[in-house]
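*Asks:* Sharing a sequence plus its predicted fold:
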Amino acid sequence: MIRSVSAVEALAQELRSRVLSGEVAAGTPLPEQEIAAMYGVARPTVREALAVLVHEGLLRRERNRSAYVPEVTISDLDDLMYVRRPLEDLMARAVNGRRVPGAEAALERMAALPSDAAWAESVAEHMALHEALIEAVGSPRLERLYRALAAETRLGLVRLKEVYTERDVLVSEHRELLDAIAEGKEDVALAAIADHLSHSWGQGLT
């Protein structure tokens, strides 16, 4: 089916892709007038599109200031992984011995991305894979906790563009994790999660 996309949705997707591909640096203002001129749309359209990204947590807007990408520091990201780790461990124990179709499909899509695909596409499939695993547990509260971390996680994944210069490495890490879970190798799955969440975050690039 072909779904019509509104100008707001199209612009929000374009800006989302730019943010998650690292094209818009943290703190960079996104003035409505400049965006309207750049994309040839009316300012109300820009305002609505920016509001979508603000709601998603990918942009921040303050009084008398243009919307901007919030800064997520190395300390923030380390703390984020500290909180994510027990949630991912709970997931691995709960779905141990199961194949999770949604996660498998996300990994297949990630692996099939062309070499020149925007990093935002890898971010989207990365998030889809982990969210599918969390949802497979069947705990609404676990899902809510995980969703609360989603915006910071997605912004953090922008940094991994410089860590995973070869997408195959990212695919391989997730293949190992999904196989360990499916084969009931709980210790291997937990070790894979620990390794996966122990990122350097490209500190030397900041």
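*Replies:* Received it, and whenever you're ready, just let me know what you need.
*Asks:* In this structure residue 11 contacts residue 40, no?
*Replies:* No - Residue 11 sits out of contact with residue 40 when judged by C-beta atoms under 8 Å, with a separation of 10.2 Å. Where you see a C-beta, it was placed from the backbone N, CA and C, and this is true even at glycine.
*Asks:* By average pLDDT, which secondary structure element in the chain comes out worst?
*Replies:* Of all helical and strand segments in the chain, the minimum by mean pLDDT, DSSP states H and E falls on helix 150-163, at a mean of 85.
*Asks:* so where do the helices sit in the protein?
*Replies:* Remark: helices of the chain, listed N- to C-terminal, are 7-20, 32-39, 43-56, 74-94, 101-112, 119-137, 140-148, 150-163, 167-182, 186-197; assignment by DSSP state H.
*Asks:* which one of those helices lies closest to residue 66?
*Replies:* When the helices of the chain are ranked by distance to residue 66, counting by C-beta to C-beta, first place goes to helix 32-39 at 7.1 Å.
*Asks:* For the closest one, name the packing helices and strands.
*Replies:* When contacts are defined as 3 or more C-beta pairs under 8 Å, 6 or more residues apart in numbering; DSSP states H and E, helix 32-39 sits against helix 7-20, helix 43-56.
*Asks:* Can you tell me what sits against that helix?
*Replies:* Contact partners of helix 32-39, identified using C-beta atoms under 8 Å, 6 or more residues apart in numbering, comprise 11, 14, 15, 41, 42, 43, 45, 46, 47, 50, 66.
*Asks:* Show me which parts of it are buried, residue by residue.
*Replies:* 32, 35, 36 (16 or more other C-beta atoms under 10 Å).
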